[in-house]
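1. Okay, here's the prediction I keep looking at, along with the sequence it came from:
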Amino acid sequence: MENLLPKARQIEFHPLKLAKKQELTKTTFALEFEIPLNLSSQYHFEAGQYVTLQFLSDGNLVQKDFSMTSAPHEGKITLGIKISSEESFANSLFNNLEVGDDVQVSEPRGRFTLISKPHEFRTIVGFAGGIGITPILSHFKNILHTEPRTRLFLFYGNKNKRQVAFKNELDELVNQYPDRLEIHYFYSQEKLGNGLFEGRLNAKKVALIINQILQLDDTDEESTIWDAVDEVLICGKGEMIKSIANACYKHGIPKKNIHFELFEEFNEDIFPIEKEFPLMENIEVDFKLFNKEYKTTLNNNKMRLLQQLLIQKFPVPYSCKSGICGSCECILEEGEVELLENEYLTEKEEASGKILACMSVVLSKNIKVNFDLI
Ligand code: FES
């Protein structure tokens, strides 16, 4: 995700020593950072969170977010990074960083997290596409370590076997927890002689997985494993998340139990919005951003608030545009909006007046919002 947060929301960076750099596949590598004792409280994190690296690339100061693969009990920060092209920031990181270097690493953040339930018997399913494995790996290591009764199923899609990142670490987890962890690999560009595992992870594949893998439940002969699923974790590209999340929902998992993390900007809703809204025209908008007051008029409310402000070229913060990352979080000070589904704000935050501009449809003739949250 590109970092476009306003200054008021910038978080703290500290120099952390690079302890390890490891090539995982031809296009992925891992970085491991030590957490010094004096910064342990700042780097306390939850499974599924991410950090931002700040790095000089071709003379420009760049910031990029990367999900952690480490679990909190490991006491370190490890990242899995994909090199998408030779010109990419990731490639420059891989070529220029050496073990022992100090790197500017932000304090952890992100809400792709789960409430820990160490005393329950849970069934958790993960779907990962490519480098989307990173936060899922963190979750799985954490759950295996902290929830002795929870069983986990991972469905991990890649183009071919050579592109599977963290294969050794995943194999070790299966060896360590053979009764509680099952992993199935899917390849979109490799022939295996078994159609179930060939092709992309998508809605069709979810139906096959439910019927052919998550069938009879040894722990309860009356039901299937799928019937027992408590939480679903999905991470990868927008299209994949949309397809899998909707399939899980269609197959009976409540939306609140489907969690996802996007690794790119995605301009569509993950779950289609079926609602219709009364048409509003000539809407007056006042907003505060970077300590500056702005005023503008929206033609109507057919598009979400963020989209309309971006079309008018205002420097409003955003990243996912899908109600997941929280970058466009702001406070509604006057007026009315309908906040469509969001994966980010808690009920308490919504009640306090916070909204996500990317998921807000304006429902009054005037609104006033404040993007400077602090
Ligand atoms: S841009 Fe990510 S929540 Fe709005």
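-> That came in fine, so what should we check first?
2. For the residue in the stretch 51-200 of the chain positioned nearest to the ligand, grab the count of nearby residues.
-> For the stretch 51-200 of the chain, the residue closest to the ligand is residue 111, as judged by Cβ to the nearest ligand atom, at 9.9 Å. Using the backbone N, CA and C atoms, a C-beta is placed for each residue, glycine as well. A total of 16 residues lie near residue 111 under the criterion other Cβ atoms under 10 Å.
3. so it sits in a helix?
-> No - secondary structure of residue 111, determined by DSSP: H, G, I helix; E, B strand; the rest coil: coil, with no helix assignment.
4. That one contacts residue 345, doesn't it?
-> No - counting by Cβ atoms under 8 Å, residue 111 does not reach residue 345; the two are 9.1 Å apart.
5. Need the residues touching each of those two.
-> Residues touching both residue 111 and residue 345 (Cβ atoms under 8 Å, 6 or more residues apart in numbering) are residue 326.
6. Closest to the centroid, which residue in this protein?
-> Centroid check for the chain by Cα atoms, centre = their mean gives residue 261 as the closest residue, at 2.0 Å.
7. give me the number of residues near the nearest residue to that residue once chain neighbours are set aside?
-> Of all residues not flanking residue 261 in the chain, residue 112 sits nearest, at 4.0 Å (Cβ to Cβ, 6 or more residues apart in numbering). As a burial measure, residue 112 scores 25 neighbours (other Cβ under 10 Å).
8. sorry, back to before: residues in contact with the residue nearest to the centre of the chain?
-> Contacts of residue 261 (Cβ under 8 Å, 6+ apart): 48, 67, 110, 112, 132, 135, 234, 235, 324.
9. Any idea how many residues pack against the residue lying closest to the third one once chain neighbours are set aside?
-> Nearest residue to residue 110, sequence neighbours excluded (Cβ to Cβ, 6+ apart): residue 49, at 4.1 Å. The local packing of residue 49 (other Cβ under 10 Å) involves 20 other residues.
10. roughly how far apart are residue 49 and the ligand?
-> From residue 49 over to the ligand the distance is 16 Å, taken as Cβ to the nearest ligand atom, to the nearest Å.
11. Would you agree residue 242 falls within a helix?
-> Yes - note on residue 242: a helix contains this position according to three-state DSSP.
12. Pull the number of nearby residues for it.
-> The tally of other residues near residue 242 (other Cβ under 10 Å) stands at 22.
13. begin at 30 from here
-> Renumbered: residue one is now 30, and that last one reads residue 271.
14. got a list of what the nearest residue to it once chain neighbours are set aside touches?
-> Leaving aside its chain neighbours, residue 271 sits nearest to residue 299 (5.2 Å; criterion: Cβ to Cβ, 6+ apart). Contacts for residue 299 were tallied using Cβ under 8 Å, 6+ apart; they are 267, 270, 271, 274, 275, 289, 351, 353, 372.
15. mind redoing it with 7 Å?
-> Contacts here follow Cβ atoms under 7 Å, 6 or more residues apart in numbering; on that basis residue 299 touches 270, 271, 274, 289, 351.
16. Output the contacts of residue 290 in TSV; the columns should cover pLDDT.
-> Listed next are the contacts of residue 290 as TSV, based on pLDDT from 0 to 100:
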residue	pLDDT
77	96
96	95
139	86
141	90
161	96
164	97
263	97
264	96
353	80
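17. that older thread, can you tell me which of the contacts of residue 299 is closest to the ligand?
-> Distance to the ligand across the contacts of residue 299 (Cβ to the nearest ligand atom) is lowest for residue 351, with 6.1 Å.
18. How is that closest one assigned, secondary-structure-wise?
-> Per three-state DSSP, the secondary structure class of residue 351 is coil.
19. Counting neighbours, what do you get for the nearest residue in space to it that is not next to it in sequence?
-> Using Cβ to Cβ, 6+ apart and skipping the chain neighbours, the partner closest in space to residue 351 is residue 295 (5.2 Å). Neighbour count of residue 295, defined by other Cβ under 10 Å: 17.
20. and residue 295, helix, strand or coil?
-> coil.
21. Pull the contacting residues for it.
-> So residue 295 contacts 267, 349, 350, 351 (Cβ under 7 Å, 6+ apart).
22. what's the neighbour count on the first one?
-> Other residues within reach of residue 267, judged by other Cβ under 10 Å, total 20.
23. Touching, residue 312 and residue 327? I think so.
-> Yes - at 4.3 Å, residue 312 and residue 327 qualify as touching, with contact defined as Cβ atoms under 7 Å.
24. what sits in contact with each of these two?
-> Joint contacts of residue 312 and residue 327 (Cβ under 7 Å, 6+ apart) are residue 391.
25. what does the stretch 230-379 of the chain put close to the ligand?
-> By Cβ under 6 Å from any ligand atom, the residues of the stretch 230-379 of the chain that approach the ligand are 347, 348, 349, 350, 352, 353, 354, 355, 356, 357, 373.
26. All set, thanks.
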